[in-house]
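Novice: Build me a model from this:
(2 chains)
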2 protein chains.
Amino acid sequence: MAPCTSYKLHYFHLAGLGEPIRYMLHYGGLPFEDIRIGAKDWPEHKKKMPFGTMPVLEVDGVMFTQSRAICRFLAGRVGLAGGGPEECLRIDEVVDAFNDLRAAVADWFYDGNAQTKTPKLGPLLDKTIPFYLVKFEAMTKANGGYLANSKLSWADLYFCAPMTWFDAMLGRSVLDGYPGLQELRRRVDALPGVAAYVASRTNAEKLCPRFAGQ
Amino acid sequence: MAPCTSYKLHYFHLAGLGEPIRYMLHYGGLPFEDIRIGAKDWPEHKKKMPFGTMPVLEVDGVMFTQSRAICRFLAGRVGLAGGGPEECLRIDEVVDAFNDLRAAVADWFYDGNAQTKTPKLGPLLDKTIPFYLVKFEAMTKANGGYLANSKLSWADLYFCAPMTWFDAMLGRSVLDGYPGLQELRRRVDALPGVAAYVASRTNAEKLCPRFAGQ
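Specialist: As a prediction, this is how the structure comes out:
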């Protein structure tokens, strides 16, 4: 870990894909500038982002995109990576499976056409979300409360950090009925560094505003 | 590399998300069983897959899902991973950005509703695809013909392997007008191990059948 490294996170003022990065930086005690772009400033800021998307992490002035790529990199710096290729594979697998679920929720939530959006909600709530959560719940049972490798890893932070966003999008406590995942979320939110950040969050950060290009 | 490791790839009889894994196994000279599931057998086979999806790679009988997780793991075994955390981050970034493009193409191609599908094609061809390809083309210019770190990596195989599928879906040579990417594709398709595989492919593998649950 390079203590003098400068980190700047560019993201919206919400949890979403930026929150796992915030969790990891806070967990690792790595000071960073938590730049939060509002709807008004986004069109101009978007032009400066390498792929017109956020999150972007600046590391000593160099911009990196893609939330999972950034988290995997930070995992190495804060001690949350796998202990070898097989462990890394298990972590990557969980993270990408969770991202499939996230994409399905976002595909419904951000659908601006009521005609196509409305019919998506039933299958999302009745099939897709339970399909994944049952599997993730089973993973916590098989891994001593964690998602992979029977120990804390960045997969756990990647899963738990955006849960405020999931809850806000779906208007419910998404993890209700999944005690292993609820316990994991409690545990992650209580991690050193993370707990103070979670306690400091304002309501605005927990909610999920919608605006173009988000 | 463990020479006695047994690899079995479960995927459809098409390029898609399985092709980068085939490329990597062929490149590394790792013998594997290339199991190709037809539309008729998919509903039954789907039940045996950990997340009901393919590709799945069995490594000594243990099943792993998620194409990028699998490729990143194999990259370590065949010498195509980054040389350090920053190089790995650059590779991951390109791979995930390419996957965003792939998802946009698939979102159009697999949309079963003509009313929503038809209006997607124009912006896809005129905006989304050029937006990404211009950036990837610039990367080849900045990286001595490769996508990242000025050397061959699994990002190059991940990008080039599914191009037959892209071309088939879009009914055109997607890389036309992007000489750096065309050259990269030629170079990747001529790699030791890969070249023989590419020469052996049948037309069926280059095309892109559509069926439910794919």
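
Novice: Apart from its neighbours in sequence, what residue is nearest residue A:163?
Specialist: Counting by C-beta to C-beta, 6 or more residues apart in numbering or on different chains, residue A:163 lies nearest to residue A:185, which is 5.8 Å off, once chain neighbours are set aside. For every residue, glycine as well, the C-beta is placed using N, CA and C.

Novice: Would you agree that neighbour is in contact with residue A:162?
Specialist: No: using C-beta atoms under 8 Å, residue A:185 is not in contact with residue A:162; the gap is 10.8 Å.

Novice: More neighbours: those two, which one.
Specialist: Comparing residue A:185 with residue A:162 by neighbour count (other C-beta atoms under 10 Å in any protein chain shown), the higher total belongs to residue A:162, at 25 against 19.

Novice: got a list of what that one touches?
Specialist: Residues counted as contacts of residue A:162 (C-beta atoms under 8 Å, 6 or more residues apart in numbering or on different chains) are A:15-17, A:19-20, A:102.

Novice: Can you get me a residue count around residue A:112?
Specialist: Using other C-beta under 10 Å, residue A:112 has 8 neighbouring residues.

Novice: Please read the previous query as pertaining to residue A:186.
Specialist: Using other C-beta under 10 Å, the number of residues around residue A:186 comes to 11.

Novice: Using the three-state scheme, assign it.
Specialist: Taken by DSSP: H, G, I helix; E, B strand; the rest coil, the conformation at residue A:186 corresponds to helix.

Novice: Give me the distance between it and residue A:27.
Specialist: According to C-beta to C-beta, to the nearest Å, residue A:186 and residue A:27 sit 15 Å apart.

Novice: same thing with residue A:89?
Specialist: In this structure, residue A:89 lies at 22 Å from residue A:27, with C-beta to C-beta as the measure.

Novice: Next: residue A:175.
Specialist: Computed with C-beta to C-beta, the distance linking residue A:175 and residue A:27 is 20 Å.

Novice: Pretty sure residue A:65 sits against residue A:49.
Specialist: Yes: in this structure residue A:65 lies within contact range of residue A:49 using C-beta under 8 Å: 7.1 Å.

Novice: who touches both of these two?
Specialist: Listed as contacting both residue A:65 and residue A:49 by C-beta under 8 Å, 6+ apart are residue A:56.

Novice: May I see the buried residues of the longest helix that chain A contains?
Specialist: Within chain A, and with DSSP state H defining each element, the longest helix by residue count is helix A:85-109. For helix A:85-109, a neighbour-count test (16 or more other C-beta atoms under 10 Å in any protein chain shown) marks A:87-99, A:101-102, A:104-106, A:108-109 as buried.

Novice: still on that earlier bit, just to be sure, which of the contacts of residue A:162 are found in helices?
Specialist: With helices identified by DSSP H, the entries of those that belong to them are A:19-20, A:102.

Novice: Assign a three-state SS to residue A:9, would you?
Specialist: With three-state DSSP as the criterion, residue A:9 was assigned strand.

Novice: where does it land on pLDDT?
Specialist: Looking at residue A:9, its pLDDT is 98.

Novice: again with residue A:116
Specialist: We note a pLDDT of 88 for residue A:116 in this prediction.

Novice: what do you get for residue A:204?
Specialist: The model reports residue A:204 with a pLDDT of 62.

Novice: just to revisit the earlier point, just the closest of the contacts of residue A:162 to residue B:144, please.
Specialist: Distances from residue B:144 to the contacts of residue A:162, taken as C-beta to C-beta, are shortest for residue A:17 (31.4 Å).

Novice: Do I have it right that the closest one meets residue A:55?
Specialist: Yes: under the criterion of C-beta under 8 Å, residue A:17 lies in contact with residue A:55, with a separation of 5.6 Å.

Novice: Residue A:53 in helix, strand or coil?
Specialist: Three-state assignment for residue A:53 (three-state DSSP): coil.

Novice: And for it, the neighbour number?
Specialist: By other C-beta under 10 Å, 17 other residues sit near residue A:53.

Novice: how deep is the closest residue in space to it that isn't next to it in sequence tucked in, by neighbour count?
Specialist: By the measure of C-beta to C-beta, 6+ apart, the closest residue to residue A:53 outside its immediate chain neighbours is residue A:65, 6.3 Å from it. Residues within reach of residue A:65, counting by other C-beta under 10 Å, total 23.

Novice: can you list the residues of chain A near chain B?
Specialist: Taking C-beta under 8 Å from any C-beta of the partner chain as the test, the list of chain A residues beside chain B reads A:50-53, A:64-66, A:68-70, A:72-73, A:76-77, A:85-86, A:88-90, A:92-93, A:95-97, A:100, A:103, A:113, A:116, A:131-132, A:135.

Novice: sorry, back to before: okay, the contacts of residue A:162 in a markdown table with pLDDT next?
Specialist: As requested, the contacts of residue A:162 are arranged in a markdown table below (pLDDT from 0 to 100):
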| residue | pLDDT |
| --- | --- |
| A:15 | 89 |
| A:16 | 90 |
| A:17 | 94 |
| A:19 | 96 |
| A:20 | 97 |
| A:102 | 95 |
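
Novice: Quick check: buried residues in stretch A:176-190?
Specialist: Buried-residue list, stretch A:176-190, by 16+ other C-beta under 10 Å: A:178, A:180-182, A:184-185, A:188-189.
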